[in-house]
Structures are given as structure tokens and as C-alpha cells.
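> A structural model of the following input is requested.
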Amino acid sequence: MTKKDVNGDLCCPPEPIPSEVSLLTLEGAEADEELAKLAKAIGHPARVRILRMLSRKEARVCSQIVDELPLAQSTVSEHLRILKESGLVRSSQDGPRVGYCINFDGLRRLKALVAII
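All right, here's what the predicted structure looks like:
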């Protein structure tokens, strides 16, 4: 179920209470692959800008993100798809509108994986 905030923006469902990051899962082949995938997701300036936008506001719909970037809607949608697949962004759909927000668990995971390099 989705809800709308006071600005009418589509909000992502609340995240579950964050789990502690296990140090055992921060090393090894799987952790290296995960870090490479996350690094690729933030390896484009437009995706970094999208993450910064989403970190300043609870949620935004794709059209709001398009309005703030000098990119076509299809390009923004592709960047959002990559961020979502990497686990850095979550989405929630309300009819034709899709709201996007930061996945703080994914961001914590990225920070933990980078911290041990």
C-alpha cells in the first residue's frame, strides 16, 4: 500500500528496521562481486546526482527527477533501473506513477563494503 505525503509525492513503503551488517559477509568473492555491482551503479554522474536528489527528499516520481536533469525521460528511467537493481533505490507504484526513494540498507551496505578496502 502506498501513501502520499503533503506535497502529493508518492512515498515508498517504510523500510524494515535495519539489520546489522555482518563482518563475515564483507569479504570474499561474493562481497567483491557485490561491491563491483554497487560501484558500477554509482559510476555515472547522473546516477550520483539522482541519489543526491533522493537523499534530500523522501520520494520523487520519475517526472520530477526528469525535470531536474538535462536528460530524456528514457535515459532517467534507465539510470533509475540500474540504481534499483543494485539495491540503492526502492520504488513504489501508484497507477501509472512510480515513486523512488533511497534504500538506506543498500547505502549502508555500500559504505561497509568500501570501508574495508
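> which intervals of the protein have sub-threshold pLDDT?
For the chain, applying pLDDT under 70 flags the ranges 1-24.
> Start from the N-terminal end of it and give the helices.
Here the chain has its helices, by DSSP state H, at 29-41, 45-56, 62-68, 73-86, 104-115.
> between the ones you listed, which gets nearest to Gly95?
Closest to Gly95 of these, according to CB to CB: helix 62-68, at 13.1 Å. Every C-beta, even on glycine, is put in place using the N, C-alpha and C of the backbone.
> for the residue nearest the centre of the chain, which residues make a bridge with it?
The centroid of the chain falls nearest to Val89 when counting by CA atoms, centre = their mean (1.8 Å). In this structure, Val89 bridges to Ile102 when assessed by DSSP bridges.
> could you measure it against Ile116, distance?
Distance, Val89 to Ile116, using CB to CB, to the nearest Å: 24 Å.
> Let me see the contact set for the residue nearest to the centre of the chain.
Val89 makes contact with 50-51, 54, 80, 83, 100-103, 106, according to CB atoms under 8 Å, 6 or more residues apart in numbering.
> For it, give its distance to Cys62.
The spacing between Val89 and Cys62, counted by CB to CB, is 11 Å.
> Can you pull the residues that touch both of these two?
Joint contacts of Val89 and Cys62 (CB under 8 Å, 6+ apart) are 80, 100.
> if we can go back for a sec, and which of the contacts of Val89 is nearest to Glu30?
Taking CB to CB as the measure, Glu30 lies nearest Gly106 of the contacts of Val89, at 15.6 Å.
> What about the residue nearest to that closest one when sequence neighbours are not counted, how many residues nearby?
What sits nearest to Gly106 in space, not counting adjacent residues and going by CB to CB, 6 or more residues apart in numbering, is Gly87, at 3.7 Å. A count of neighbours around Gly87, defined by other CB atoms under 10 Å, yields 17.
> Spit out the contact partners of Gly87.
Gly87 makes contacts with 38, 103, 105-106, 109, as judged by CB under 8 Å, 6+ apart.
> now these in a markdown table, with neighbour count and distance to Leu69?
Formatted as a markdown table, the contacts of Gly87 follow (neighbours: other CB atoms under 10 Å; distance: CB to CB, whole Å):
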| residue | neighbour count | distance to Leu69 |
| --- | --- | --- |
| Leu38 | 21 | 21 |
| Asn103 | 20 | 20 |
| Asp105 | 17 | 25 |
| Gly106 | 18 | 21 |
| Arg109 | 21 | 26 |
